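Peer 1: sequence plus the predicted model coming up.
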Amino acid sequence: MKLLFLIALLGAWVAVVHAWTKEDHEIFDLVSALEAAEGKGTSFYSFLNVSPSASTADIARAYRKKSMQLHPDKNPGVKGIHERFARLGVISTILRNSEGRKRYDFFYKNGVPRWRGTGYYYARFRPGLGSVLTFLVLLSSGLQYLVQRLNYTRDLKRIEHIIREAKLSAWGQKMVPSESRRKVRVNLGGPPRLDEDGNVILAKSIDMVVESNGEVFILEGNGELIPINTSTATPPAMKRTWFVALFASLVGRVRAPSRLGPGSAEGAETEDDTGSDLPETESSDVPGGEANGSANGNGAGGKGGKATTKAGGKRRKAVKRR
């Protein structure tokens, strides 16, 4: 019932807003014609050269002065002078009437509705693509941050519950710390349940160690102790929302090549070139004798030939000098 009442109230408000009177339509048409003839932004007051706070007497004097300037007899042959003079009379009549001036002042301050084919409507704000994307980014990032905070609060409560249960199991209901380390098994929650075969499945539990100083650890299967406290939970942070994280990742990728420096790539190329210039030779087999390669460089035939060495993984025969 409340929802229907609100809908009806909203509909009535919309009907009242759009139910312009005959006098309102006259003001709308007059403003449109005045701006078309005198220029956009021209108001009734600027047309009469008076301020919006002018008194009725000031408006009457301004009208008489303006009517003498725009009288058709003083402006023969001027195009549109009759329409301007007639428009001046209507404007003066509206502003010298208290109710008419009140209605015009309302539209003067809040804006005049525009004609939309079937009636006068206020122009609605139509956001552009950039505004829509900005709104969606802010909305989604805000919701993600809210989810992070909710998860953080839930994790804190769960960690505090596990620590309390571990200490209760180790120290008893009076929570008197023991002098030695205690190993306990803590139920993570949930009653026992039956599987499809009717077997009882106990709730999941973990092994924990409680120190005498109150520190609590999770005991892994390999004997490793993992500390558990309120700092274990991940706090919410705007830098972990999707847009900020994506922006930081893109900035990091752009800055990564500049951190290496131009000299690092050139140094790597120089090392490759130096390694490629090394001779790839190894000892060759000499027919009828042993292979060359003695430490003093003497050949098997007494010619004083240089012994070849092995460099790289490719076998090459030494070229004999003639």
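Peer 2: Alright, I've got the coordinates. Numbering: from 1, shown residues only.
Peer 1: would you mind giving the domain segments of this structure?
Peer 2: Here the domain parsing of the chain from automatic domain parsing is 17-119, 134-232.
Peer 1: who touches Ser51 in this structure?
Peer 2: Neighbour list for Ser51: Tyr45 [criterion: Cβ atoms under 8 Å, 6 or more residues apart in numbering]. C-beta here means a position set from N, CA and C on the backbone, and glycine is covered the same way.
Peer 1: output the domains of the chain in JSON lines; the columns should cover distance to Arg255 and mean pLDDT.
Peer 2: Shown next, in JSON lines, are the domains of the chain (distance: least, Cβ to Cβ, whole Å; pLDDT from 0 to 100):
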{"stretch": "domain 17-119", "distance to Arg255": "49", "mean pLDDT": "87"}
{"stretch": "domain 134-232", "distance to Arg255": "23", "mean pLDDT": "87"}
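Peer 1: distance to Gly128 for those - can I get that in a markdown table?
Peer 2: Converted to a markdown table, those look like this (distance: least, Cβ to Cβ, whole Å):
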| stretch | distance to Gly128 |
| --- | --- |
| domain 17-119 | 20 |
| domain 134-232 | 10 |
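Peer 1: nearest to Pro127, of those domains?
Peer 2: Evaluated over the domains of the chain, closeness to Pro127 peaks at domain 134-232, with 7.3 Å, by Cβ to Cβ.
Peer 1: measure the closest one end to end?
Peer 2: 34 Å (Cα to Cα, to the nearest Å).
Peer 1: so what touches stretch 129-140?
Peer 2: Pro127, Trp242, Phe243.
Peer 1: by neighbour count, which of those wins?
Peer 2: Phe243 (14 neighbours; other Cβ atoms under 10 Å).
Peer 1: I figured that one hits Gly142, correct?
Peer 2: No - with contact defined as Cβ atoms under 8 Å, Phe243 does not reach Gly142; the gap is 10.5 Å.
Peer 1: returning to that earlier point: mind putting the contacts of stretch 129-140 into CSV with pLDDT?
Peer 2: Converted to CSV, these look like this (pLDDT from 0 to 100):
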residue, pLDDT
Pro127, 71
Trp242, 95
Phe243, 94
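Peer 1: dump the residues you listed into CSV; add secondary structure and distance to Asn213 as well.
Peer 2: Formatted as CSV, the contacts of stretch 129-140 follow (DSSP: H, G, I helix; E, B strand; the rest coil; distance: Cβ to Cβ, whole Å):
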residue, secondary structure, distance to Asn213
Pro127, coil, 59
Trp242, helix, 41
Phe243, helix, 43
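Peer 1: would you reformat these as CSV and include distance to Ser43?
Peer 2: What follows is those, written out as CSV (distance: Cβ to Cβ, whole Å):
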residue, distance to Ser43
Pro127, 29
Trp242, 49
Phe243, 45
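Peer 1: Leu250 is nearest to which of the domains of the chain?
Peer 2: Taking the domains of the chain one by one with Cβ to Cβ, domain 134-232 is closest: 14.4 Å.
Peer 1: helices of this structure, residue ranges please.
Peer 2: Here the chain has its helices, by DSSP state H, at 2-18, 22-38, 44-48, 56-70, 81-96, 98-110, 129-171, 242-260, 262-276.
Peer 1: name the residues that touch the shortest one?
Peer 2: Translated: helix 44-48. By Cβ under 8 Å, 6+ apart, helix 44-48 touches 31, 34, 38, 51-52, 54, 59, 62-63, 66, 88, 91-92, 94-95, 104, 108.
Peer 1: now those residues: which count as buried?
Peer 2: Neighbour counting by 16 or more other Cβ atoms under 10 Å classes 31, 34, 54, 59, 62-63, 66, 88, 91-92, 94-95, 104, 108 among the contacts of helix 44-48 as buried.
Peer 1: may I see those organised as JSON lines, with distance to Ser205 added?
Peer 2: Listed next are the buried ones among the contacts of helix 44-48 as JSON lines, based on distance: Cβ to Cβ, whole Å:
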{"residue": "Val31", "distance to Ser205": "78"}
{"residue": "Leu34", "distance to Ser205": "83"}
{"residue": "Ala54", "distance to Ser205": "86"}
{"residue": "Ile59", "distance to Ser205": "88"}
{"residue": "Ala62", "distance to Ser205": "91"}
{"residue": "Tyr63", "distance to Ser205": "93"}
{"residue": "Lys66", "distance to Ser205": "93"}
{"residue": "Leu88", "distance to Ser205": "92"}
{"residue": "Ile91", "distance to Ser205": "87"}
{"residue": "Ser92", "distance to Ser205": "91"}
{"residue": "Ile94", "distance to Ser205": "84"}
{"residue": "Leu95", "distance to Ser205": "85"}
{"residue": "Tyr104", "distance to Ser205": "79"}
{"residue": "Tyr108", "distance to Ser205": "75"}
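Peer 1: still on that earlier bit, single out the most deeply packed of the helices of the chain.
Peer 2: For these, the largest average neighbour count (mean count of other Cβ atoms under 10 Å) is found in helix 44-48, namely a mean of 20.
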